[in-house]
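# Make a model of this:
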Amino acid sequence: MTSCAGMAGLVTGASGGLGRATALALAAAGADVLALSRNMDGLSETAALAEGLAGSVIARQGDVGDEEQVRAAIKAVEQQFGALRYVVNNAGRQIERDFLETTNEDWDEIDRTNVRGAFWVCKYGAQAMLRARTGGSIVNIASVLSVSADPMLTAYTTSKHAVLGLTRSIAVTRSLARSGIRANAVLPGDMDTPMVQQYFAAHDDPEEARRQVASAYPVERIADPAEVANVVRFLVSDESSFVNGAAIVVDGGLGAALYTNA
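As a prediction, this is how the structure comes out:
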């Protein structure tokens, strides 16, 4: 297993789904994790699942859409562990709405979490890494919709394009790169997370909806969050020391097919 021993950092949206899987993957590899989410019950469960692992998971309630709460979370990592070595931007919102029906409120809600929240975590995380002088890794959870589109997810698609642009902008900031601070994006397809499960549940036949989505993938299934978390763990670790500005697609071959029924 890739080692992250001695590394401490922040994982947002860690109350379930990919955020939880990432926190557990990092703790299993020896990292210390400050797990952040608005959902304290889910965070407590994540922390409980991490008991007995090589690293630790500390639950902290907070909203990435609030700049001061982000600053406080970064500071908490420094106070608890001495230095911040990584941040994983996983917190995200999704609203399903036809483009022509998308409202200003939809747009603002998605932007608040997916773009501004990600920006603040990256900015204050990078500043903490510079203070520590030990380098660091910024991992942003983007999406296959960072390089494609969905007419029912206009605001979300736009936000994920922005996350990829943010990642690349950080990666080419030479003051950070010279200090050993890297930024990379992970672009998952559909995962078996609460967000996707809610999408299935909204259909008259949830199982048929799941089958239809899975059929678009050459592997004929959606991802287990742990499969994506393993990629995040690699990017956090020193084994990825020359990976910077990358957009790593983890989609079971979805984007490689010209036609989804190929």
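# which residues of the stretch 51-200 of the chain fall in strands?
56-61, 86-89, 136-141, 181-188 (DSSP state E, counting those that start in this stretch).
# could you dump those to TSV with mean neighbour count and distance to Ala223?
In this view, the C-beta of every residue, glycine as well, is placed from N, C-alpha and C. Listed next are the strands of the stretch 51-200 of the chain as TSV, based on neighbours: other CB atoms under 10 Å; distance: least, CB to CB, whole Å:
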stretch	mean neighbour count	distance to Ala223
strand 56-61	20	22
strand 86-89	30	17
strand 136-141	27	13
strand 181-188	26	6
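# Tabulate these in JSON lines, adding columns for distance to Thr12.
Below are those laid out as JSON lines (distance: least, CB to CB, whole Å):
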{"stretch": "strand 56-61", "distance to Thr12": "10"}
{"stretch": "strand 86-89", "distance to Thr12": "6"}
{"stretch": "strand 136-141", "distance to Thr12": "9"}
{"stretch": "strand 181-188", "distance to Thr12": "14"}
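# Let me have the ones you listed in JSON lines, extended by mean pLDDT and distance to Ala50.
Converted to JSON lines, the strands of the stretch 51-200 of the chain look like this (pLDDT from 0 to 100; distance: least, CB to CB, whole Å):
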{"stretch": "strand 56-61", "mean pLDDT": "98", "distance to Ala50": "4"}
{"stretch": "strand 86-89", "mean pLDDT": "98", "distance to Ala50": "15"}
{"stretch": "strand 136-141", "mean pLDDT": "98", "distance to Ala50": "19"}
{"stretch": "strand 181-188", "mean pLDDT": "98", "distance to Ala50": "21"}
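# and of these, who's closest to Thr154?
strand 181-188 (18.1 Å; CB to CB).
# Give me the residues contacting the closest one.
Here strand 181-188 makes contact (CB atoms under 8 Å, 6 or more residues apart in numbering) with 18, 122, 126, 129-130, 135-144, 146-147, 163-164, 167-168, 170-171, 176, 223, 228, 231-232, 235, 240-241, 243-251.
# Let me know the angle separating that strand from strand 136-141.
20 degrees (axes from the mean of the first three to the mean of the last three CA atoms, to 10 degrees).
# re earlier: quick one, which of the strands of the stretch 51-200 of the chain gets closest to Phe200.
Among the strands of the stretch 51-200 of the chain, strand 181-188 comes nearest to Phe200, with 16.6 Å by CB to CB.
# Any of the contacts of strand 181-188 buried? List them.
Neighbour-count burial (16 or more other CB atoms under 10 Å) is assigned, among the contacts of strand 181-188, to 18, 122, 126, 129-130, 135-144, 146, 163-164, 167-168, 170-171, 176, 223, 228, 231-232, 235, 240, 244, 246, 248-251.
# Averaging pLDDT per element, find the lowest-scoring helix or strand in this protein.
Lowest on mean pLDDT, DSSP states H and E among the helices and strands of the chain sits helix 194-201, with a mean of 86.
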